[in-house]
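Asks: Here you go, sequence then predicted model.
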Amino acid sequence: MTAVVSNLEKINTMKMLDDRTIEIVKSTVPVLQVHGEAITRRFYERLFEAHPELLNMFNHAHQQQGQQQMALANAVYAAAQHIDNLSAILPSVRQIGHKHRGLGVKKEHYPVVGENLLLAIQDVLGSAATPDILAAWEKAYGVIASTFMQMEQQFDEQASAQPGGWSGFRSFQVKRKVKESDVITSFYLEPVDQGAIAYFIPGQYITVRVQPKDQPFVHLRQYSLSDAPGLPYYRISVKKESAIQEKPAGVVSSYLHEQIGVGDVIEVSAPAGVFTLDRSHDLPIVLISGGVGLTPMILMLNTLI
């Protein structure tokens, strides 16, 4: 991870924005605070209208609930605040970079995102989005996108280089399916090619990619690994989500619970994630979770003892 951070610092040094561009971008911070979510909503509308195939890469429930729009609005707002020192948001960049790699985001996606983000800014702000503002944001987006692409490439190279590692998605077979409670079921997954699997740090997750027969698009979900690293299988423990407070039912969790059985094959990305157990100090460790969030906590606890 140190190598990744130092390389990103080099990127920021090599691709510094001019003072005028930084000044303009930072001047838009109050505007983004007010209109950021409207801009990201419009961005996703434009993106999916122009590139419906990208619906295969997004969490549709988060889209419907507005979580994706809010997350992107917060990320854009933070980038604008720290455009003169992007190293300040490296923790968030690393977290998003892990997500992007797990979802299969590629370099060629970034220009598409940039184009539609600028158009969304123009749509929402109208005449307030002056040519100078759009030009400044185009430059800023180029630096931000470069930072993400460099980081995600390094994550991908690190994952592929380790024993049992791989890039993209790999076919895994369900070897065991264990009902843990009324709502939680564990799935034991082994690679179809019978090769080695990558080591992981307690707290990391894998991305599961499935396409239920009644769904027009592929669905991807991240699930924490729930058994010890170093075993010949991965285990995920999945809570079956239901429709609560007008939110859509869990498409993927329901599909796994109801339609995936022993012997079935699903696609899985290599382990990723930054919410991991830090054992670099001797301080007491407190583990706090709610609901199915205890999944990574149990693994951390088992590792500690």
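Replies: Here it is on my side, so go on. Numbering: from 1, shown residues only.
Asks: When you work out contacts or count neighbours from here on, use the C-alpha atoms and nothing else.
Replies: Noted.
Asks: May I ask which helix or strand encompasses the residue most central in space within the chain?
Replies: Nearest to the mean C-alpha position of the chain, by Cα atoms, centre = their mean, lies residue 99 at 2.1 Å. For residue 99, the host element (DSSP states H and E) is helix 90-103.
Asks: who does the helix or strand just after that helix touch, helix- and strand-wise?
Replies: Next helix or strand after helix 90-103 toward the C-terminus (DSSP H and E): helix 109-125. Counting by 3 or more Cα pairs under 8 Å, 6 or more residues apart in numbering; DSSP states H and E, the packing neighbours recorded for helix 109-125 are helix 29-50, helix 131-161.
Asks: Least confident of those helices, on average?
Replies: Lowest mean pLDDT of the helices and strands packed on helix 109-125: helix 131-161, a mean of 88.
Asks: For that helix, which residues meet the burial criterion?
Replies: Residues 133-156, 159-160 are the ones in helix 131-161 that count as buried (16 or more other Cα atoms under 10 Å).
Asks: which helices and strands sit right next to that helix?
Replies: So helix 131-161, by 3+ Cα pairs under 8 Å, 6+ apart, packs with helix 2-14, helix 19-27, helix 90-103, helix 109-125.
Asks: ranking those helices by burial, who's on top?
Replies: helix 90-103 (a mean of 20; mean count of other Cα atoms under 10 Å).
Asks: tilt between that one and helix 131-161?
Replies: Here the directions of helix 90-103 and helix 131-161 differ by 60 degrees (axes from the mean of the first three to the mean of the last three Cα atoms, to 10 degrees).
Asks: where does the stretch 201-305 of the chain dip in pLDDT?
Replies: 242-249 (pLDDT under 70).
Asks: Now do the strands in it.
Replies: Shown for the stretch 201-305 of the chain, the strands assigned by DSSP state E, counting those that start in this stretch span residues 205-210, 219-224, 234-239, 265-269.
Asks: that older thread, mean pLDDT and distance to residue 233 for the helices and strands packed on helix 131-161 - can I get that in JSON lines?
Replies: Listed next are those as JSON lines, based on pLDDT from 0 to 100; distance: least, Cα to Cα, whole Å:
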{"stretch": "helix 2-14", "mean pLDDT": "43", "distance to residue 233": "28"}
{"stretch": "helix 19-27", "mean pLDDT": "93", "distance to residue 233": "47"}
{"stretch": "helix 90-103", "mean pLDDT": "85", "distance to residue 233": "18"}
{"stretch": "helix 109-125", "mean pLDDT": "94", "distance to residue 233": "32"}
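Asks: of those helices, which approaches residue 227 most closely?
Replies: Nearest to residue 227 among the helices and strands packed on helix 131-161 is helix 90-103 (19.4 Å), distances taken as Cα to Cα.
Asks: Next, the angle from the closest one to strand 205-210.
Replies: 30 degrees.
Asks: ok and helix 90-103 relative to strand 265-269, angle-wise?
Replies: Orientation check (the same axes, to 10 degrees): helix 90-103 against strand 265-269 gives 150 degrees.
Asks: Tell me the helices and strands packed up against helix 90-103.
Replies: Using 3+ Cα pairs under 8 Å, 6+ apart, helix 90-103 sits against helix 131-161, strand 205-210.
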